[in-house]
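K.L.:
Kindly return the folded structure for what I paste below:
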Amino acid sequence: MRPTDVVGAFFICGIGFLLAAAAVGIAQWIAPWPWGHWLALHLAFVGGVSQLVLGATQFFAGAFLATDPPPRVLIRAQILYWNAGAILLAVAVPERADTLIWLAVGLLAGGLVAWAAAIVAMRRSSLRRSPWATRWYVSGACFLGLGMVAGSLLARGVPRSHGDLLGAHMTLNLAGWFGASIVGTLHTFFPSLTQTQLRFPRLQKVAFIAWIGGVAALAAGYGWALEPLALVGWLGLCAGAVALLANVVASLRDAARPLSLPARIVGAGQPFLLAGLLVATVSAIEDGPLNALTGSTRTTVGTLLVSGWIGLTVLGSLTHLLAVVVRVRGGFAARMPAARPRLDGFIAALAVVGIAALALSQSLGLDGLRSPTVAALLAAYAMLAGRVAVLAARVLLRARPSL
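P.N.:
Numbers count the residues shown, from 1 in each chain. Below is the predicted model of the structure:
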């Protein structure tokens with residue numbers, strides 16, 4: 001197997017789930033039903049983004065370690081277990097079928113175990129010792145395992161009189177799994193996008209300690225109703241975001257011009273991470289940590305972190321990595337997409353303005369501003385998603401991964 005086989009297979013499956021999530025979201029908007037919102041989020045994050053993370057982490061870990069991809073059987077096991085678990089959970093939760101819920105969680109856990117075995121296999125076969133190659137990913141996977149347990153208890157309606165299990169579940173999955181994987185990868189991926197070097201390597205250790213410690217404190221604080229600990233968690237995440245942003249800004253300043261579209265989009269998404277965390281932290285200080293997730297600032301935080309940070313980072317990364325798959329699988333005959341400064345700058349600016357204005361309208365209650373900002377954001381997302389769809393189709397039709 002080649003590294004592009006691994007990343008291509010997971011990305012095709014993940015994009016399929018993202019398309020299904022979009023379809024469910026549209027259906028929910030047209031004719032709402034009780035489980036529509038949850039199903040759209042489940043398909044997007046568990047089936048979609050999580051598979052993108054599974055594939056990307058193995059791709060980057062292999063590159064950092066300068067080793068071959070994991071054994072084929074481990075890749076097949078991950079794809080089989082994860083997709084089966086995500087689909088089964090989408091059926092079992094609305095039906096409140098406890099047995100099927102636990103079976104689905106078991107399948108997802110099996111996929112995570114196969115992923116861990118793949119990481120171990122790559123480390124053993126590598127002659128290079130690079131702790132940062134997998135440190136972020138392993139930490140994120142540990143958080144995901146705990147998040148699965150919390151999620152299964154929530155799905156079964158297990159009563160808990162002390163603490164906020166939903167808050168702990170969201171923290172472990174979003175900040176722990178997605179957050180650690182994305183923040184860790186950006187320390188090497190973004191410099192490669194901008195063709196620069198990491199300006200402040202020592203800040204990666206600061207970011208790691210602050211982010212991982214922040215996730216642990218925040219999850220424990222919510223899970224056991226320890227408000228001071230939860231506040232420490234929010235502050236830790238802010239510190240980790242500042243350390244990451246310092247290197248991102250340095251790479252943007254050092255980069256040759258013109259920037260590629262992926263570099264523009266990924267770079268534009270990073271300030272929204274710090275902005276969302278600052279809004280949540282201020283809300284936690286003023287009104288208590290629980291208010292950061294369920295209070296009046298919830299929609300603003302969600303817009304900044306999900307639509308802004310995760311959305312732009314994922315779309316920008318997909319645009320680059322799928323182009324790499326097409327080029328490598330095509331024997332390097334195809335070129336990487338050329339930068340188009342005016343169009344690329346317009347798309348990035350439209351996305352930034354749409355997200356920032358939408359978050360502002362939500363925080364200030366400016367209802368009249370929401371419709372145009374949502375339209376601008378959807379237009380930017382549609383253009384980015386169109387590019388991703390074209391590249392995904394080329395991967396599927398011309399550069400199909402071999403499993």
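K.L.:
And the lowest mean pLDDT element among the helices and strands of the chain?
P.N.:
None of the helices or strands of the chain scores lower by mean pLDDT, DSSP states H and E than helix 289-294, at a mean of 80.
K.L.:
which other helices and strands contact that one?
P.N.:
In this structure, helix 289-294 packs against helix 165-170, helix 202-223, helix 227-254, helix 261-287, helix 298-302, with contacts taken as 3 or more Cβ pairs under 8 Å, 6 or more residues apart in numbering; DSSP states H and E. The C-beta positions use only the backbone N, C-alpha and C, and glycine is treated the same way.
K.L.:
starting at the chain centroid, how far to the last one?
P.N.:
Relative to its chain's centre, helix 298-302 lies at 17 Å (Cα atoms, centre = their mean, to the nearest Å).
K.L.:
The helices and strands packed on helix 289-294: which one's closest to residue 15?
P.N.:
Proximity to residue 15 (Cβ to Cβ) singles out helix 261-287 among the helices and strands packed on helix 289-294, at 15.9 Å.
K.L.:
Below-threshold pLDDT in the stretch 301-403 of the chain: ranges please.
P.N.:
Residues of the stretch 301-403 of the chain that meet the criterion pLDDT under 70 lie in 331-333, 399.
K.L.:
whoops, the stretch 151-300 of the chain was the one
P.N.:
158-161.
K.L.:
follow-up on the earlier one: just tell me which of the helices and strands packed on helix 289-294 ends up closest to residue 362.
P.N.:
helix 298-302 (4.6 Å).
K.L.:
what's that closest one in contact with?
P.N.:
Outside helix 298-302, the residues within contact range by Cβ atoms under 8 Å, 6 or more residues apart in numbering are 276, 279, 280, 283, 292, 293, 359, 362, 363.
K.L.:
The fifth one contacts residue 286, doesn't it?
P.N.:
It stands for residue 292. No. The criterion here is Cβ atoms under 8 Å, and residue 292 misses it with residue 286 at 9.7 Å.
K.L.:
Counting neighbours, go ahead and name the busier of the two.
P.N.:
Between residue 292 and residue 286, residue 292 has the larger neighbour count (other Cβ atoms under 10 Å), namely 26 against 11.
K.L.:
what about dumping the CA coordinates of stretch 327-344 to PDB?
P.N.:
Taking Å, rounded to 0.1, in the frame of the first residue of the first chain, the C-alpha atoms of stretch 327-344 are listed here in PDB:
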ATOM      1  CA  ARG A 327      -1.200  13.800  -8.400                       C
ATOM      2  CA  VAL A 328       0.600  10.800  -6.800                       C
ATOM      3  CA  ARG A 329      -1.900   8.200  -8.000                       C
ATOM      4  CA  GLY A 330      -1.600   9.600 -11.500                       C
ATOM      5  CA  GLY A 331       2.100   9.100 -11.600                       C
ATOM      6  CA  PHE A 332       2.900  12.800 -10.900                       C
ATOM      7  CA  ALA A 333       1.500  13.600 -14.400                       C
ATOM      8  CA  ALA A 334      -1.100  16.000 -12.900                       C
ATOM      9  CA  ARG A 335       0.100  19.300 -11.400                       C
ATOM     10  CA  MET A 336      -1.100  20.700  -8.100                       C
ATOM     11  CA  PRO A 337      -3.800  23.400  -8.600                       C
ATOM     12  CA  ALA A 338      -2.300  26.700  -9.400                       C
ATOM     13  CA  ALA A 339      -2.900  29.700  -7.100                       C
ATOM     14  CA  ARG A 340      -5.500  32.200  -8.400                       C
ATOM     15  CA  PRO A 341      -4.900  35.200  -6.200                       C
ATOM     16  CA  ARG A 342      -8.000  37.100  -6.900                       C
ATOM     17  CA  LEU A 343     -10.500  34.300  -6.800                       C
ATOM     18  CA  ASP A 344      -8.800  32.500  -3.900                       C
END
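K.L.:
starting at the chain centroid, how far to it?
P.N.:
In terms of Cα atoms, centre = their mean, the centre of stretch 327-344 is set 24 Å apart from its chain centre.
K.L.:
do the same with stretch 394-403
P.N.:
Taking Cα atoms, centre = their mean, the mean C-alpha location of stretch 394-403 is offset from the chain mean by 23 Å.
K.L.:
What are the phi and psi values at residue 127?
P.N.:
Dihedral pair for residue 127: phi -90, psi -10, per degrees, to the nearest 10.
K.L.:
That one touches residue 66, doesn't it?
P.N.:
Yes. Residue 127 is within contact range of residue 66, at 7.4 Å (criterion: Cβ under 8 Å).
K.L.:
max-length helix in this protein?
P.N.:
Ordering each helix of the chain by length in residues (DSSP state H) puts helix 367-397 first.
K.L.:
quick one, helices of the stretch 51-200 of the chain?
P.N.:
Ranges of helices within the stretch 51-200 of the chain are 72-95, 98-125, 135-155, 165-170, 180-194, based on DSSP state H, counting those that start in this stretch.
K.L.:
For residue 350, which of these is the nearest?
P.N.:
helix 180-194 (19.9 Å).
K.L.:
helices or strands next to the closest one in the packing?
P.N.:
Against helix 180-194 (3+ Cβ pairs under 8 Å, 6+ apart) you get helix 50-65, helix 135-155, helix 202-223, helix 227-254, helix 261-287, helix 311-329.
K.L.:
Brilliant, that's me finished.
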